[in-house]
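Enquirer: With the input below, show me the fold.
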Amino acid sequence: MAHVWRRIAVVATATALVAGCGGGGSTTPTDVTGTLIAQTRAVPETVSVASSPTVRVVGGDDYLLILSESAGSTGNASVTVNGGGTNLALLDARRSTGPRRHTPTASWGLGGLGQTRAENRAEPDPAVGSSRTFSVVEGSQPTVTATLKAKGTHCLLYVDDSTVAGAFTDANLLDMRDTFDNQIYSTNTGIYGATGDVDSNGRIILLFTPTIRAGGYGYFYPSDVLGAGNNADMLYARVPSPSNGQTFAVLRTGLLATMAHELAHLINFHYKRADGGEESWLNEGLSFACEQLNGWLDSAGGSPENVAAYFRSPERYTLHELTGNYDDGHAGAGFLFVRYLEDRFGQNIIGRLVTSSEVGQANVTAAAGVAYTTLMTDAAAAWYLAGTGLTTDTRWSLPGFDTHGTYPVESVSLSGPKATRVSAANSRPAFTASFARGGLRYVRLTNVPAAGAMFALTTSSGAQVRATFVRIPTAAGSCAVNGEPGRSVVGLVWGLGTKAPNRQVSPERKKLYRAGQVLCVVGVLLFMLGGGRGIFLVMIGMGLMAVGAQGLAGSGLVLDPEQARADLEPWSRMTGGMVNDALSEVELVQKPAEPQVTVRCQQCHALNDEDAKFCKQCGQPL
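Expert: As a prediction, the model looks like this:
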């Protein structure tokens, strides 16, 4: 039994010495108080900040903090954490809108617009080749004369007589007619609802005109269906400009996507005209979602480009944009929200949103059967967690859109929404975070100590400010943080992700290890001189060396698997390095992979196989 007692004495002495030396790391306050929250990984929990709650989280992982405000549309909201101190800087710069592909419907307004335009009724079944005068709202002239070039089951294609020769071939126009009839019209009316028929001709007029502003592709003008203007169910679209390289082949996908987008606006307005139309943020979100439903997600000025703008700095954009004068980031957020609703509740929710008598947030709540404020925070968590493999719960997933995908038409690569990193190492991080009202802010809380961390939350920004906590693995490399890389297979499988690798033992542990060596040497000398008690010094020294080399948890003195993994990380990386050194001597491993060669189309910029003769996107010769 003597040797057992000796081992117990060694462990007790080593533990006491380690405590006296600071444990090889910094100490952490233990007075962490508040309501325990977000104990389960990837399961968000939300609290109202207006009630000034104090919450706490356990250690061992990072936490995503999502701040949200659902009532406003302009100005900023802010949240103070643990009394404030540091004002978190906004990420990146807000991207102002360049030339939009279409003119937002809400930007036209409705108060009297079109009343000064001459009413212009036409025969219900005009013949191909007949002419008609149309009023237009873009360009230098108030009216244009156009010729009917093609008739479809659901459309009439008019081309402005001022269009340059050769802009369209007959085949181009038939292609547009057939695609509209067989794909766009059937998809939109099947999912969104009926178009209405104010001019009683059973068709949608498509007017192709060079009066469309530079950079634009087309628009829907609500006054046309309000008994004013052209008094017709119609859309406006640009014409090709071959002399500038803007041929039909280059513009085709953008034109078709715009027709699908604008027809969704027309359908939406048919049901919401009594309310003055749907609110801009939801109206545009539904129309951008329509582009994807028609197969043109990745097109010039499409949703991937808008989502990229939003993800660069989510806190700069409200999700509740009402004016129609939105930036790309607003459009990206609107698309993401409608996409989330469709993924969670099924495609039929789109029809319910369009055909209901409600608008805006009330419309969303009625169609989904879930409060908008809840859906907003659930969607925000889904946009961050999507593609990480951390959850399969439909409330926090986004299977219909790859938030970490690459979209070649606009050369866009996404890596999830950016978050601001804040260290919680002192267990009470103090900061103030601001963000656009009606919007979100992502904060990633790192270095949470073993004792946990607490967060006293306050705001003066109203009752609709909320804080959502999501527990995520410390090394999860699936979401972009301050510009760090996005999805990482290594990070998801092995837990390395975007965390900086630790290949060195801390200086404190090195000192402890050397102290143990000294005790071992002294103990051996005493034992050789006949002092039997020298063996105790040797045992104590070996204990200190073990703790110094492997840490408290790594040596087994503290039962904490997560901390043990961190303690042993330098040795794990050493082993990996040795394996890598060995593999580097293997010829098969040394041989580089065959390069993947692709060719970028000069017209639409899509990537094609090396031996391709024509672009798979626009059909132009390579």
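
Enquirer: any idea how far residue 554 lies from residue 422?
Expert: Distance from residue 554 to residue 422, counting by Cβ to Cβ, to the nearest Å: 28 Å. Every residue, glycine included, has its C-beta placed from N, CA and C.

Enquirer: surely residue 148 meets residue 157?
Expert: Yes - shown here, residue 148 and residue 157 form a contact pair, counting by Cβ atoms under 8 Å, at 7.1 Å.

Enquirer: Out of the two, name the residue with the larger neighbour count.
Expert: residue 157 (25 against 18; other Cβ atoms under 10 Å).

Enquirer: Contacts only, for that one.
Expert: Taking Cβ atoms under 8 Å, 6 or more residues apart in numbering, we find residue 157 in contact with 148, 149, 150, 151, 173, 176, 177, 206, 208.

Enquirer: beta partners of it?
Expert: Beta-bridge pairing for residue 157 (DSSP bridges): residue 150, residue 206.

Enquirer: same question, residue 146
Expert: Assessed by DSSP bridges, residue 146 has beta-bridge partners residue 132, residue 160.

Enquirer: quick one: which of residue 554 and residue 422 has more around it?
Expert: residue 554 (22 against 19).

Enquirer: Please name the nearest non-neighbouring residue to that one.
Expert: Nearest non-adjacent residue to residue 554, counting by Cβ to Cβ, 6 or more residues apart in numbering: residue 567, 3.4 Å away.

Enquirer: cool, and residue 563?
Expert: Take residue 563 and drop its neighbours on the chain: the residue closest to it by Cβ to Cβ, 6+ apart is residue 553, 3.9 Å away.

Enquirer: tell me which residues of the helix or strand harbouring that neighbour are tucked away?
Expert: Using DSSP states H and E, residue 553 maps to helix 534-554. Residues of helix 534-554 classed as buried by neighbour count (16 or more other Cβ atoms under 10 Å): 534, 536-554.

Enquirer: List the contacts of residue 90.
Expert: 313, 315, 316, 434.

Enquirer: and of the residues you listed, the nearest to residue 400?
Expert: Sorting the contacts of residue 90 by how near they are to residue 400, with Cβ to Cβ, puts residue 313 at the top with 23.7 Å.

Enquirer: thought that closest one was touching residue 328?
Expert: No - counting by Cβ under 8 Å, residue 328 is not a contact partner of residue 313; they are 11.3 Å apart.

Enquirer: now for the helix holding residue 553, which elements pack on it?
Expert: Using 3 or more Cβ pairs under 8 Å, 6 or more residues apart in numbering; DSSP states H and E as the contact definition, the elements that helix 534-554 packs against are helix 2-20, helix 507-528, helix 561-567.

Enquirer: repeat that for 10 Å
Expert: Packing partners of helix 534-554 (3 or more Cβ pairs under 10 Å, 6 or more residues apart in numbering; DSSP states H and E): helix 2-20, helix 507-528, helix 561-567, helix 569-583.

Enquirer: Quick one: mean pLDDT for that helix?
Expert: On average, the pLDDT along helix 534-554 is 83.

Enquirer: same deal with stretch 455-462?
Expert: On average, the pLDDT along stretch 455-462 is 93.

Enquirer: what do you get for stretch 294-301?
Expert: Mean pLDDT, stretch 294-301: 92.

Enquirer: Check which residues of that stretch are buried.
Expert: 294, 296, 297, 298, 299, 300, 301.

Enquirer: Make TSV from those and add distance to residue 450 and secondary structure to it.
Expert: Formatted as TSV, those follow (distance: Cβ to Cβ, whole Å; DSSP: H, G, I helix; E, B strand; the rest coil):
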residue	distance to residue 450	secondary structure
294	53	coil
296	51	coil
297	45	coil
298	46	coil
299	50	coil
300	52	coil
301	49	coil
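
Enquirer: Let me see the contact set for the residue nearest to residue 563.
Expert: Contact analysis of residue 553 by Cβ atoms under 10 Å, 6 or more residues apart in numbering lists 450, 547, 559, 560, 561, 562, 563, 564, 565, 566, 567, 568.

Enquirer: Which among these count as buried?
Expert: In the contacts of residue 553, the ones that pass as buried (16+ other Cβ under 10 Å) are 450, 547, 560, 563, 564, 565, 566, 567, 568.

Enquirer: export those to JSON lines and tack on distance to residue 473?
Expert: Listed next are these as JSON lines, based on distance: Cβ to Cβ, whole Å:
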{"residue": "450", "distance to residue 473": "16"}
{"residue": "547", "distance to residue 473": "26"}
{"residue": "560", "distance to residue 473": "16"}
{"residue": "563", "distance to residue 473": "14"}
{"residue": "564", "distance to residue 473": "16"}
{"residue": "565", "distance to residue 473": "11"}
{"residue": "566", "distance to residue 473": "13"}
{"residue": "567", "distance to residue 473": "17"}
{"residue": "568", "distance to residue 473": "17"}
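
Enquirer: starting at the chain centroid, how far to the helix holding residue 553?
Expert: Its chain's average C-alpha position is 49 Å from that of helix 534-554, according to Cα atoms, centre = their mean, to the nearest Å.

Enquirer: same thing with stretch 227-238?
Expert: That offset, for stretch 227-238, works out to 35 Å (Cα atoms, centre = their mean).

Enquirer: And for stretch 532-549?
Expert: Using Cα atoms, centre = their mean, the offset of stretch 532-549 from its chain centre is 54 Å.

Enquirer: Please renumber the chain so that the first residue is 215 from this point on.
Expert: Taking 215 as the first residue, the last one we looked at is stretch 746-763.

Enquirer: neighbours of residue 672, just the number please.
Expert: 20.

Enquirer: for residue 267, same thing?
Expert: For residue 267, using other Cβ under 10 Å, the count is 16.

Enquirer: is it true that it touches residue 679?
Expert: No - if you go by Cβ atoms under 10 Å, residue 267 and residue 679 don't touch, sitting 11.3 Å apart.

Enquirer: joint contacts of the two?
Expert: Common contact partners of residue 267 and residue 679 (Cβ under 10 Å, 6+ apart): 671, 672.

Enquirer: follow-up on the earlier one: intersection of neighbour lists for residue 362 and residue 371?
Expert: 342, 419.

Enquirer: any idea which element the residue of the chain most remote from its centre lies in?
Expert: In the chain, the residue that sits farthest from the middle, by Cα atoms, centre = their mean, is residue 744; the gap is 72.0 Å. Using DSSP H and E, residue 744 sits in no helix or strand.

Enquirer: What is the neighbour count of the nearest residue to residue 399 once chain neighbours are set aside?
Expert: Spatial nearest neighbour of residue 399, excluding adjacent residues (Cβ to Cβ, 6+ apart): residue 368 at 4.3 Å. For residue 368, the neighbour count with other Cβ under 10 Å is 18.

Enquirer: same question, residue 408
Expert: Neighbour tally, residue 408, other Cβ under 10 Å: 12.

Enquirer: Just to check, it is in contact with residue 481?
Expert: Yes - with contacts counted by Cβ under 10 Å, residue 408 reaches residue 481, the gap being 7.0 Å.

Enquirer: Quick check: neighbours shared by these two?
Expert: 402, 568, 569.

Enquirer: Can you tell me the SS state at the first one?
Expert: So the one you mean is residue 402. What DSSP: H, G, I helix; E, B strand; the rest coil gives for residue 402 is helix.

Enquirer: what residues are up against the nearest residue to residue 735 once chain neighbours are set aside?
Expert: Closest residue to residue 735 apart from its sequence neighbours, by Cβ to Cβ, 6+ apart: residue 755 at 7.8 Å. Counting by Cβ under 10 Å, 6+ apart, residue 755 makes contact with 224, 228, 727, 729-738.

Enquirer: Can you verify my assumption that residue 554 contacts residue 612?
Expert: Yes - assessed by Cβ under 10 Å, residue 554 is found in contact with residue 612 at 6.0 Å.

Enquirer: Have a look at these two and say which one is more surrounded.
Expert: The neighbour comparison of residue 554 against residue 612 (other Cβ under 10 Å) goes to residue 554, with 26 against 21.

Enquirer: quick one: contacts for that one?
Expert: 499, 589-590, 592-594, 596-597, 600, 608-612, 614-615.

Enquirer: which of those residues are buried?
Expert: 499, 589-590, 592-594, 596-597, 600, 609-612, 614-615.
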